Every structure is written in structure tokens, then in C-alpha cells.
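**Student:** sequence-free structure coming up:
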Ligand SMILES: NC(=O)C1=CN([C@@H]2O[C@H](COP(=O)(O)OP(=O)(O)OC[C@H]3O[C@@H](n4cnc5c(N)ncnc54)[C@H](OP(=O)(O)O)[C@@H]3O)[C@@H](O)[C@H]2O)C=CC1
Ligand SMILES: O=C(CO)[C@H](O)[C@H](O)COP(=O)(O)O
């Protein structure tokens, strides 16, 4: 291990400020710089005892000069062109052995490109995915590191020290070279979107379908958080449902506009899944649901023209235990899709992605942390390459809860409550156990209009159909 790396951090916003304090708290002196100088002054002035391990700087030149080589410089700035601009500005100031660490939510392809670029320069570049929001960055995030084994040897001790710990095990690990860390973080966020959407659908079934108020819904989430669904996202759902608006005294959820924002990582996951030809319909449905949520005017027009949805569920159509069981099944299906995407990407990009380790470093610190991930780590350990739906205990759990998922989706569909993530999870599950699918007619259609040919089930070599009136038949 190279103990001589000296640390710097650029970007003292929500994540960067918290991460710098976390690093300092773990005994690593760190030099900091922020584009807006007052932010640096305010940050250092409020750092308490940790200020003695911080070196604030006012210019980039001063920043680099204050860190002894070999330097490890963490960037915590918005993903995209800002990262490139920051690298451009740093490049002439750095030397051999120095490494830039992009810790923001970069697109993995950008990280690949920047890694290649650094190969032509004197300095080194790696990309790491950091999850856990501000609280995680301050007290222990989950860290998905992209880079070479040599980078891990030099920097792994820092990442492990500042990461969350699950029963003492650090939630930081090397994923693979180049963009591997950011790819895994992207899929983490795709799963995050899907998990959040399924919770939102359960919320809608309770609020709109069952007519429950926020306090009652908060109690349900709190109860679910003591069972198999125990997770950070269920926990905070209980908290947000219980909160009261200090301005009106109404439940906080009742005053928040129903248009979900997004910064792009969920969309990237859906796009990359299409590139890889991996079906991740629950994640795609979650991204689409955010897009639909933002179309408030069109939704209002639809309600006016076609009738207002959702309606209340008929008495006794769905109970809370069935809903909980449906969420358990939905969650397993969504994670199975996410892990399959990682597995296909590993093969395509020649990354040796450590599947069980990924589940292990997601058990604490990150936004999707949950008890279920502990079982997923164990299941993936023995069954790398196999879908989670076939690995115990998830196979048995799906057998146990499938009926509840179906019952929930049917009740929602009958009533007009949109459940795109739960229903697409169920359709995927149904399709993934259909021996004879309907794709034979698609093959026939393709051959009819485009002479695309098909294979026959009996193996006979006759790749075209007898389509007399096909546009191609007359020549
Ligand atoms: N917030 C979250 O929960 C999470 C965020 N991330 C990722 O972390 C990164 C940072 O996010 P976050 O801390 O939330 O963002 P903030 O907006 O809180 O902070 C952004 C930081 O970047 C600096 N910055 C912005 N534009 C420029 C620029 N053009 N040149 C130089 N510096 C600039 C800002 O400096 P200034 O003060 O001058 O504006 C500020 O220090 C992003 O990639 C984000 O996706 C990852 C995980 C979780
Ligand atoms: O990376 C994160 C959590 O893991 C960030 O909070 C990210 O911003 C969440 O994505 P979005 O803003 O699109 O909801």
C-alpha cells in the first residue's frame, strides 16, 4: 500500500462538503477548493475540530501546490462538461503519480473516455460511484470503485475507511477497470428508481384505492420496515408520510406537487439496457412513470376528456398484507433484472464485475440498502451467472408471493390505478416462464413484409413462408 498519497477535494456542495468532513474525520488531512470562494470559507469556518485537518485554498494553483505529490484529487462537481472543464484546468498543474478521482454521477462512457485521455497525459484518472446522499457522504457511503488493481492498492484504504460498514465489513470495493464503478452506480440508481416507483404505486393503492390518510399510510410503512421489506427507502417513506407541513399544518405529502424530477441516471440505465439487449422493464417503467408525472397539463386534460382516474378500490378488493407481499415479489423481480444487466455488461465490456460483492457493498450506506441485499449477496455467491429468480431463497419467495402480486395488479387495473412497475414486473415474470411465446407470429410478419426469414421448429431448412399476397411475392 502506498501511504504517501495526499488528498484534495474540489466541489464543496452537498456531497463534496460532507465527503471532505468524512475524510478528515478518518484522520486524512485534506486540501479543499470550491469555485465560489465564500463557500470554502463558510465550510472551513463550520468544520469545528475537523478544520485542523482541512487546508482551504482560494485558487486551483494554490490548491494543487498545497497537496504534496503524489496527489489524489477528488472531484465532486456536476456530471458532464463541468468534469471535463475541471480536468482541463487541472491537467497542466499535475505530474506523474497524481490521480484525479471523479466521485460524481458520471456516465460510465465519459469515464471510459476520460480514463483513455489520462493514458496520454502524465496524470491518472479513475471514476468512482458514491451512494448515500449527504448523510452517507458524511458518515459512510457505499463506494463502487472503477480502476486498475493498482489504484485499489493505492486508494482502497481511504475508500474502505470512509465507507459505510455492514457488520464491520466496508461497503467499498473495486468493480473493474475504466467505467465499471460508474456503470454499477448507474444500475444502482436504475434499481433505486424502480424501488421508489413500486413504493409510490403501493402508496397510490393505499391513498387512492383504500382512501387511507398519510398518518395511516405512515404506520403501514413503519410496520413493513420491521418485516421482509425493511430498507432505507421504506423507512424514509414512513418518515415523509408522517411529516406535517409547518406552513399549513397539512400532511407534508399532501402539499408536494406530483411531478418527479430526475437527473438522468435512471434514464441512462434504461438506455444502456436497450443497448445491451437486457430486458429491465421495471426500471424502464419507473423512468417512464417519472416522465408521465411531469406531464401535469396533459394528465389534467386526459382526466377531463376520458374521466378522472384513479378510482377507489371496491370494498375488500385488496388488503394490506397482499400489498406487502406484492411489493416483496416486485422487489425481487426488479433486482433480478438489475443484476442480469450487470452480468451482461460484465461480459460485453470484459469487466470481472463481482456480483456478490456488489450486493454486499449495497447492504449499508447507499440509498437502496435493505435487509434483502444480505440474502442476495449469499445467493449470488453460489450462483454467479444465474438469475436471482432461480436462486434460493428468492425462488421460494416468488412462488409464495406471486399470487399476491397478480391479485394486486388485477385489482389496480380493474380500478384504474396505474401500477406500471408492478405490472411490468409481473409480465416479465410471466414471459420468463413461457416456453412457447408469441414471437413466432412476429417472425412470420417480418418474413412477410421484408423476407427476413425464420427458423422452423422441425429444423427443416425452409426459411420463408408461402405468403402469396406478400408485397415481395410478385418480385
Ligand atoms: N446529492 C446527492 O444525493 C448525490 C449526488 N451525487 C453526485 O455528486 C455530484 C455533486 O452533487 P451535489 O453535491 O449534490 O451538487 P451540489 O449542487 O450541491 O454541488 C455542486 C458543486 O460543484 C461545484 N460546481 C458547480 N458547477 C461548477 C463549475 N462549472 N465549475 C466548478 N465547480 C462547479 C459547485 O460549486 P459552487 O459553490 O461554486 O456552485 C459545488 O461545489 C453530482 O455528480 C451528483 O450527481 C452522487 C450521489 C448522491
Ligand atoms: O445518486 C443519487 C442517489 O443514489 C442522487 O441522489 C441522484 O441525484 C438521484 O437521482 P435523481 O436525481 O435522478 O432522482
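**Tutor:** Alright, I've got the coordinates. Just so you know, these numbers come straight off a predicted model, no measurement behind them. Residues are numbered from 1 along each chain as shown. Ligands and ions are numbered 1, 2, ... in the order given.
**Student:** only C-alpha atoms for contact and neighbour calcs from this point on.
**Tutor:** Fine.
**Student:** Got phi/psi on the residue in the stretch 1-150 of the chain positioned nearest to ligand 2?
**Tutor:** Across the stretch 1-150 of the chain, no residue is closer to ligand 2 than residue 131, which sits at 4.7 Å (Cα to the nearest ligand atom). Note on residue 131: its backbone torsions stand at phi -130, psi 150 [degrees, to the nearest 10].
**Student:** Residue 143 too?
**Tutor:** phi -120, psi 120.
**Student:** For the remainder of this discussion, apply numbering that starts at 18.
**Tutor:** With the count now opening at 18, the last piece we talked about shows up as residue 160.
**Student:** Enumerate every residue touching it.
**Tutor:** Residue 160 makes contact with 145, 146, 147, 148, 176, 180, 188, 189, 190, 378 under the criterion Cα atoms under 8 Å, 6 or more residues apart in numbering.
**Student:** Also residue 343?
**Tutor:** For residue 343, counting by Cα under 8 Å, 6+ apart, the contacting residues are 418, 419, 421, 422, 423, 425, 439.
**Student:** Go through the helix or strand harbouring it and flag the buried ones.
**Tutor:** Using DSSP states H and E, residue 343 sits within helix 337-366. For helix 337-366, a neighbour-count test (16 or more other Cα atoms under 10 Å) marks 339-363 as buried.
**Student:** Could you point out the helix or strand that follows it?
**Tutor:** Per DSSP H and E, the first helix or strand lying C-terminal to helix 337-366 is helix 372-378.
**Student:** Which strands or helices does that next one pack on?
**Tutor:** Packing contacts for helix 372-378, counted by 3 or more Cα pairs under 8 Å, 6 or more residues apart in numbering; DSSP states H and E, involve strand 159-163, strand 189-193, helix 337-366, helix 389-399.
**Student:** So for this structure, the centremost residue is which one?
**Tutor:** The residue lying closest to the centre of the chain (Cα atoms, centre = their mean) is residue 206, at 1.2 Å.
**Student:** and the helix or strand hosting it, how far from the chain's centre?
**Tutor:** Taking DSSP H and E as the definition, one finds residue 206 inside helix 197-221. Centroid separation for helix 197-221 versus its chain: 5 Å, with Cα atoms, centre = their mean, to the nearest Å.
**Student:** quick revisit: mind telling me which of the helices and strands packed on helix 372-378 the model trusts least?
**Tutor:** For the helices and strands packed on helix 372-378, mean pLDDT drops lowest on helix 389-399, to a mean of 93.
**Student:** what's that one in contact with?
**Tutor:** Contacts for helix 389-399 (Cα under 8 Å, 6+ apart): 245-247, 372-377, 379-380, 403, 405, 408-410.
**Student:** can you check stretch 411-427 too?
**Tutor:** 335, 339-340, 342-347, 349, 405-406, 436, 439-440, 443.
**Student:** For it, which residues meet the burial criterion?
**Tutor:** 411, 415, 418, 419, 421, 422, 423, 424, 425, 426, 427.
**Student:** the inter-axis angle of the helix or strand hosting the second one versus helix 197-221?
**Tutor:** Looking back up the chat, that one is residue 415. Residue 415 belongs to helix 411-432 when assigned by DSSP H and E. For helix 411-432 against helix 197-221, the angle between stretch directions is 50 degrees (axes from the mean of the first three to the mean of the last three Cα atoms, to 10 degrees).
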